[in-house]
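S.K.: Kindly generate the corresponding structure for this input.
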Amino acid sequence: MTSTIGRPRVLTDEQVAEILAWYRSRRTLTQVARQYGVSVSTIRDVVARAGSYKQRDLKRSSEVLKKKG
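M.R.: Model (predicted):
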């Protein structure tokens, strides 16, 4: 996503999108946190920020830059 401040991300942009999809389907926070190996509070942060979760995925960013180049 967009922020590059703070610790490196644990979740990729794709995982963040899946978490937001889960939020719409209403599985429990605990189930999703276990699935990704993160805390419940991390899942809450992703949902509360609508996907603007920490630093953007550097792998994906480099792929986008290569396409533009």
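S.K.: Next SSE downstream of the helix or strand hosting L20?
M.R.: Per DSSP states H and E: L20 is located in helix 13-25. Next helix or strand after helix 13-25 toward the C-terminus (DSSP H and E): helix 29-36.
S.K.: Need the contact partners of the helix or strand following that following helix.
M.R.: Per DSSP H and E, the first helix or strand lying C-terminal to helix 29-36 is helix 40-48. For helix 40-48, contacts defined as CB atoms under 8 Å, 6 or more residues apart in numbering pick out 10-11, 16, 19-20, 23, 29-30, 32-33, 36, 53. Any C-beta I mention is one placed from the backbone N, CA and C, and that applies to glycine too.
S.K.: mind listing what's buried in helix 40-48?
M.R.: By 16 or more other CB atoms under 10 Å, the buried positions in helix 40-48 come out as 42-43, 45-47.
S.K.: Go through those and say which is closest to I5.
M.R.: The shortest approach to I5 among the buried residues of helix 40-48 belongs to D45, at 14.0 Å (CB to CB).
S.K.: Relative to E18, how far out is that closest one?
M.R.: In this view, D45 and E18 are 15 Å apart by CB to CB, to the nearest Å.
S.K.: same thing with Y36?
M.R.: 8 Å.
S.K.: quick one, phi psi at P8?
M.R.: Backbone geometry at P8, expressed as degrees, to the nearest 10, gives phi -60, psi 150.
S.K.: Not counting sequence-adjacent ones, nearest residue to G51?
M.R.: Counting by CB to CB, 6 or more residues apart in numbering, V16 is the residue found nearest to G51 once chain neighbours are left out, at 4.9 Å.
S.K.: Could you do L20 as well?
M.R.: G51 (5.7 Å).
S.K.: tell me the secondary structure for the one you found?
M.R.: coil (DSSP: H, G, I helix; E, B strand; the rest coil).
S.K.: Next: R7.
M.R.: Secondary structure, three-state DSSP: R7 is coil.
S.K.: Neighbours of it, how many?
M.R.: By the criterion of other CB atoms under 10 Å, R7 has 7 neighbours.
S.K.: This completes my enquiry, with thanks.
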